[in-house]
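[1] Compute the structure for the input listed below.
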Amino acid sequence: MLLIVNAGSSSLKLKVFEGAEEMARATVSEIGADGHLEAMALGLAKAGVAVDRLTAAAHRVVHGGADLTATCRVTPQVLRQIADCVPLAPLHNPANLVGIQAVAALAPELPQYAAFDTAFHATNPEVATTYALPLEERQRGLRRYGFHGISYAALVRVLRARGELPERLLACHLGNGCSMAAIVNGRSVATTMGYSPLDGLTMGTRTGGIDGNAVLRLAELHGIERAGRILNRESGLLALGGSNDLRSLHAAGTAEARFALDHFTYWAVRHAGSMVAAMGGLDAVVFTGGIGENDPWVRKEILSGLRFLGVSSDPSANDRNEITLHDPTSRVAIWIVPADEERQIALEAQAVMAGEGA
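    Sure, this is the predicted structure:
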């Protein structure tokens, strides 16, 4: 049995797989700074899984940097590389490391593997990942990486299995964190997030795209730490409409909530156009993530903004959150693919294990 671990700073999500089949799951929240070991033991108990029944564990790691570009076995060197990426993802990689350490403390001999949210975008061309900075700064790792890669890899797998993977796919991962990816023949060629998960679309609490000099001004006014909190925790839909939950914004009925919703979809369409340009055209649009799968109004607004590309959706199918959303006249296929990140991690880890002869 393979344990899949998604460790956050104050929460722990566990799933257990046997092959591709999910066998158990558990979530532990409100974890203190030093509580991940106890939380891991509690989560396994809630899932009804004894440690000695596990054959391996695999972890979601947000940032793998420029070098960790595929799921791999966790070794001391890999741990050092993940730690080296902490400055690139200070909100995520420390928690991911703690999750690995918690499993090691409970089961020192258990093989562990890591899957990276940045890895899927390693196929982006250099011209797409390079910031126009002096060489010395680029050598520090200041470049575009992209995120949500495990989610994108999962939807590519699902579409390929259905025999429906198109040549040019606009993939929209819309949740509290949001991004889009341009995927050509199953490979990422561009994405909206950059050096960190802050860039791109308007998000639940993140600004999305913002001028660097505006960031400098915030740092000047508030200091770097406070500016970082504003940009990552206090902005986005929360700042514009008073909530980072789209259901609350839809229900609010205020001018501020309406503006926040309009801002979200306006910038989604703007960035979608950029992704389509990177592919040289469009054959299909796919939605995933909590908003992408469950919010018909958001999908309708985004798809309406893409009509000039031959996109035409079926309103009734969209309202019912059906898997297929295009109408017979559409030149572009439109689908919903439910997020399946944990299964993707499991399958990738199992492939590495098979290659090891494990």
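[2] Okay, strands next: where are they in this protein?
    If you assign secondary structure with DSSP state E, the strands in the chain sit at 2-7, 11-18, 21-29, 56-61, 72-73, 112-116, 168-174, 178-184, 187-191, 284-288, 333-336.
[3] Which one of those strands lies nearest to Ala346?
    In terms of Cβ to Cβ, the element of these nearest to Ala346 is strand 11-18, at 4.1 Å. Just so you know, the C-beta spots here come from the backbone N, C-alpha and C atoms, and that holds for glycine as well.
[4] would you put the C-alpha positions of that closest one in CSV?
    The C-alpha coordinates for strand 11-18 follow below in CSV (Å, rounded to 0.1, in the frame of the first residue of the first chain):
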residue,chain,number,x,y,z
SER,A,11,-2.8,20.7,7.8
LEU,A,12,-2.1,17.2,6.6
LYS,A,13,-4.0,15.3,3.9
LEU,A,14,-3.3,11.6,3.5
LYS,A,15,-4.6,9.1,0.9
VAL,A,16,-3.7,5.4,0.6
PHE,A,17,-3.6,3.6,-2.8
GLU,A,18,-3.3,0.0,-3.9
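[5] Each with direction, which strands does that strand pair with?
    Using DSSP bridges, the strands paired with strand 11-18 are strand 2-7 (antiparallel), strand 21-29 (antiparallel).
[6] Buried deepest among those, which one?
    Among these, ranked by average contacts under mean count of other Cβ atoms under 10 Å, first place goes to strand 2-7 (a mean of 25).
[7] Let's have the strands of the chain in a markdown table, adding mean pLDDT and distance to Pro197.
    Compiled in a markdown table, those are given as follows (pLDDT from 0 to 100; distance: least, Cβ to Cβ, whole Å):
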| stretch | mean pLDDT | distance to Pro197 |
| --- | --- | --- |
| strand 2-7 | 96 | 15 |
| strand 11-18 | 94 | 17 |
| strand 21-29 | 94 | 21 |
| strand 56-61 | 97 | 13 |
| strand 72-73 | 97 | 22 |
| strand 112-116 | 98 | 13 |
| strand 168-174 | 98 | 11 |
| strand 178-184 | 98 | 8 |
| strand 187-191 | 98 | 11 |
| strand 284-288 | 98 | 16 |
| strand 333-336 | 98 | 23 |
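[8] Count the neighbours of the nearest residue to Gly200 once chain neighbours are set aside for me.
    Once flanking residues are discounted, Gly200 sits nearest to Thr192: 3.1 Å by Cβ to Cβ, 6 or more residues apart in numbering. Residues lying near Thr192 (other Cβ atoms under 10 Å) number 27.
[9] go on, the one 4 residues further on?
    Ser196 has 20 neighbouring residues, counting by other Cβ under 10 Å.
[10] Then Asn185?
    Asn185: 11 surrounding residues under other Cβ under 10 Å.
[11] and it, how far is that from Val16?
    According to Cβ to Cβ, to the nearest Å, Asn185 stands 33 Å off from Val16.
[12] what are the ranges of the helices in the stretch 201-350 of the chain?
    Here the stretch 201-350 of the chain has its helices, by DSSP state H, counting those that start in this stretch, at 212-222, 224-233, 236-241, 246-252, 255-279, 289-294, 296-305, 315-319, 341-356.
[13] Angles on the backbone of the residue nearest the centre of the chain, please.
    Nearest to the geometric centre of the chain sits His148, at 2.3 Å (Cα atoms, centre = their mean). Per-residue torsions, His148: phi 60, psi 20 (degrees, to the nearest 10).
[14] Check Ser196 too.
    Dihedral pair for Ser196: phi -140, psi 180, per degrees, to the nearest 10.
[15] Can you give me every residue that contacts it?
    Counting by Cβ atoms under 8 Å, 6 or more residues apart in numbering, Ser196 touches Leu88, Ala89, Tyr145.
[16] which non-adjacent residue is nearest the last one?
    Spelled out, it's Tyr145. For Tyr145, ignoring the flanking residues on the chain, the nearest one in space by Cβ to Cβ, 6+ apart is Thr118 at 4.6 Å.
[17] ok, and the closest non-adjacent residue to Ala278?
    Nearest residue to Ala278, sequence neighbours excluded (Cβ to Cβ, 6+ apart): Ala190, at 3.7 Å.
[18] again, but for Val332
    Val332 sits nearest to Val311 (Cβ to Cβ, 6+ apart), 4.6 Å away.
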